[in-house]
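Visitor: Test case, fold it:
(one chain, ligands or ions: 1)
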Amino acid sequence: MKLQINSKIIDRVLCAALVTLYSTFAKADTVILETASMGSPCNCGGIAILSSQFLGSRFHIEEAMTITRVGGHLTSGQNGTGGEIFAAIVQLAGPDAFPTGLPFAPGEVLATTLIIVPVGLSADVLVPLPVTLQPGDYLLVFGSGLFGATGEGSLTTVNPALSEPVFPVYNANNSPPSWVDYPITAFGQTNRTLRLVVEGVQADGDGDGVPDVSDSCPGTLKGAVVDANGCSIDQLVPCDGPVSGGIWSSHGTYVSAVSETAEQFLTDGRITEDQKNAIIQAAAQSSCGRK
Ligand SMILES: [Ca+2]
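Guide: Purely as a prediction, here's the structure:
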């Protein structure tokens with residue numbers, strides 16, 4: 001297959017002096033995918049992102065993650081064209097798999113967003129793309145002509161490679177259209193390649209501050225105080241009966257279990273004395289454990 005390349009590549013050498021203008025993003029989130037570190041912003045070309053040519057990179061996660069931002073070192077399309085391209089997260093069947101559709105099968109695109117392509121000087125563009133992913137293999141892919149995107153852009157090739165990635169490319173002009181792995185290195189420069197980035201945080205489905213991977217109690221009520229395992233007092237001492245099974249032998253048994261747990265939360269500094277007393281009072285006034 002033939003890769004469409006934008007022709008301003010030669011201009012990149014003029015732009016090296018602009019490197020000092022670039023400042024790195026704060027890295028509060030985990031970097032899940034980073035194919036290359038940021039090269040010098042440049043008035044350069046790159047590998048085209050079109051309605052007929054999509055570019056992507058695979059990534060793997062070992063635990064549930066909530067994606068926060070995706071992006072890459074982008075520049076305009078051929079002849080300085082811009083507008084909006086799409087970024088999509090696609091489920092893959094394995095670490096070397098392609099999307100099963102041409103370009104995508106129903107259901108395998110998990111999230112999309114639009115990115116405004118920088119025109120003129122290239123830039124590292126990262127945009128929000130909130131989606132929670134279970135452990136598995138995924139593709140971040142840029143393209144146009146779908147999901148509301150009508151613009152054109154390019155991924156620059158001036159970035160110092162952090163690995164030896166291959167980039168799945170979808171080419172609609174192939175006959176038939178196809179996904180192909182493409183090892184992309186810059187023209188005459190070794191170890192330079194496309195920069196694609198995915199950032200995220202450990203997933204926390206119930207929002208209790210304890211990541212799902214170490215949360216023993218999913219589905220904690222919003223705002224409830226939890227222990228180190230992500231369990232609220234209600235979850236540790238359910239009204240219906242002990243977590244070990246069965247029912248409370250008496251109302252008093254239930255109230256003492258709540259009392260004991262609330263005391264532990266107080267000792268651990270999770271609640272105040274007043275909160276503890278209110279929790280025990282509410283338990284005493286409840287019908288839990290009553291025959
Ligand atoms: Ca929880």
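Visitor: hey, where'd the helices end up in the stretch 101-250 of the chain?
Guide: In the stretch 101-250 of the chain, the helices defined using DSSP state H, counting those that start in this stretch lie at 233-236.
Visitor: tell me which parts of it are close to the ion?
Guide: Where the stretch 101-250 of the chain comes near the ion, counting by Cβ under 5 Å from the ion, the residues are 206, 208, 215, 217, 220, 230. From N, CA and C alone the C-beta is placed, and that goes for glycine too.
Visitor: Just the buried residues of stretch 155-167, please?
Guide: Taking 16 or more other Cβ atoms under 10 Å as the basis for neighbour counts, the residues of stretch 155-167 that come out buried are 155, 156, 157, 158, 159, 161, 165, 166, 167.
Visitor: Compute the first-to-last residue distance for that stretch.
Guide: 12 Å (Cα to Cα, to the nearest Å).
Visitor: Give me the distance from that stretch to the chain's centre.
Guide: Using Cα atoms, centre = their mean, to the nearest Å, the distance from the centre of stretch 155-167 to the centre of the chain it belongs to is 20 Å.
Visitor: Check stretch 66-86 too.
Guide: Relative to where its chain is centred, stretch 66-86 has its mean C-alpha point 17 Å off (Cα atoms, centre = their mean).
Visitor: so how far is stretch 240-247 from its chain's centroid?
Guide: Stretch 240-247 has its average C-alpha position 38 Å from the chain's average C-alpha position, going by Cα atoms, centre = their mean.
Visitor: Could you give me the buried positions within it?
Guide: By neighbour count with 16+ other Cβ under 10 Å, stretch 240-247 contains the buried residues residue 242.
Visitor: Okay, now it: how far is its last residue from its first?
Guide: With Cα to Cα as the measure, the first residue of stretch 240-247 is 6 Å from its last.
Visitor: contacts for that stretch?
Guide: Outside stretch 240-247, the residues within contact range by Cβ atoms under 8 Å, 6 or more residues apart in numbering are 235, 236, 237, 248, 257, 288, 289.
Visitor: ok, now with 6 Å
Guide: Stretch 240-247 has contacts (Cβ atoms under 6 Å, 6 or more residues apart in numbering) with residue 248.
Visitor: Same list (the buried residues of stretch 155-167) but as CSV, adding pLDDT.
Guide: As requested, the buried residues of stretch 155-167 are arranged in CSV below (pLDDT from 0 to 100):
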residue, pLDDT
155, 96
156, 94
157, 92
158, 92
159, 95
161, 92
165, 79
166, 89
167, 94
